[in-house]
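[1] Predicted model, plus sequence, below.
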Amino acid sequence: MSFSQSTTSQALHLQREPAHATATIGAPLLQAQHVVMDYYAGSAIPQSQPQQQQQASPSPFADHIALRDVNVSIQAGESVAIMGPSGSGKSTLLHCLAGILKPTSGQVLYQGTALSSRSDTERTKLRRSDFGFVFQSGQLLPELSALANVALPLMLNGQSFGEATAIAAKWLNACGLAGLFDRRPGELSGGQSQRVALARALVIQPSIVFADEPTGALDQQTGHMVMDMLTDATQQNHCALVVVTHDIHVAQYCSRILTMQDGQIIEEQTL
Ligand SMILES: Nc1ncnc2c1ncn2[C@@H]1O[C@H](COP(=O)(O)OP(=O)(O)OP(=O)(O)O)[C@@H](O)[C@H]1O
């Protein structure tokens, strides 16, 4: 059974309506408006920590100014790749879009509401319920089994151990990991670990998955398998996808490619 088929059949049996079912039709799911990120202005701290005093307008030449007036709109179900040279601001943009970093100025709207208008607790809840994250590596808890790693986000959202592990098992199966439920991350290959990470990101039925170099630690063939799974699963679940990558072959899985340079989006390509 292909991942698409199994995802379709299994995801439909998951526990609740995805959060994006409540999004306003036609309005962007996620929007960055005039986002500036100056790491020296004291906004490189996570939003959950106290903010330092913001300083004067950023100098246009400093390399700690990671984003300069960035505007992006992402629709529900859309897939967007962010490319650009090292240091161009890709990861910073992804972290601002996901509410992990608070921009120095400008704002990020999710379902029409500014992330900065939500309390720390609300933002944490939002990330747990609506956002999935996939990083290059190291995102799984090493002391937990694959099954527990995938079940954990559901338990943090209030589901019982039994419910959470039953749903997690479906996603691990859908990711081709039957038989590996009890393995810890250190006992899995890089590709297997990354598939566990996909299952963990998708298990909550997020409205958007943020992926930062999801194939960066994988060989090309395994990277394609992971991207096939990620794009299949997000499409099947009408989930938006934002992928930071240096690899054009990875970017081409998406419907739109944004190219960044010196903290700005300099090119936008629809595929
Ligand atoms: N915590 C930080 N403090 C100060 N400057 C930072 C910090 N994080 C990133 N920067 C700077 O912000 C700019 C953008 O960094 P960012 O990591 O977003 O780039 P990137 O395009 O994702 O790079 P890469 O492809 O190498 O991961 C760079 O000049 C970087 O040095």
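    Noted; the coordinates are in hand.
[2] Which residues belonging to stretch 215-234 are considered buried?
    Within stretch 215-234, the residues scored as buried using 16 or more other C-beta atoms under 10 Å are 215-218, 222-223, 225-227, 229-234. Where you see a C-beta, it was placed from the backbone N, CA and C, and this is true even at glycine.
[3] what's near enough to touch residue 177?
    Each residue near residue 177 by C-beta atoms under 8 Å, 6 or more residues apart in numbering is listed here: 146, 192, 195-196, 199.
[4] and with 7 Å instead?
    Residue 177 makes contacts with 146, 192, 195-196, as judged by C-beta atoms under 7 Å, 6 or more residues apart in numbering.
[5] quick one: pLDDT of it?
    Residue 177 is assigned 93 on the pLDDT scale.
[6] again, but for residue 95
    We have a pLDDT of 95 for residue 95.
[7] same question, residue 60
    51.
[8] Between which two of the contacts of residue 177 is the distance greatest?
    Within the contacts of residue 177, 146 and 195 form the most distant pair, 9.0 Å apart (C-beta to C-beta).
[9] Am I right that residue 172 is in contact with residue 146?
    Yes. Contact criterion C-beta atoms under 7 Å: residue 172 and residue 146 qualify, at 6.2 Å.
[10] Identify the contacts common to those two.
    Taking C-beta under 7 Å, 6+ apart as the contact rule, residue 172 and residue 146 both touch residue 181.
[11] mind checking how far residue 86 is from the ligand?
    3 Å (C-beta to the nearest ligand atom, to the nearest Å).
[12] oh sorry, the question was meant for residue 99
    16 Å.
[13] Quick one: residues contacting that residue.
    Counting by C-beta under 7 Å, 6+ apart, residue 99 makes contact with 47, 108, 115, 123, 127.
[14] can you tell me which helix or strand it belongs to?
    Residue 99 belongs to no helix or strand when assigned by DSSP states H and E.
[15] State the pLDDT value of it.
    For residue 99, the predicted pLDDT is 92.
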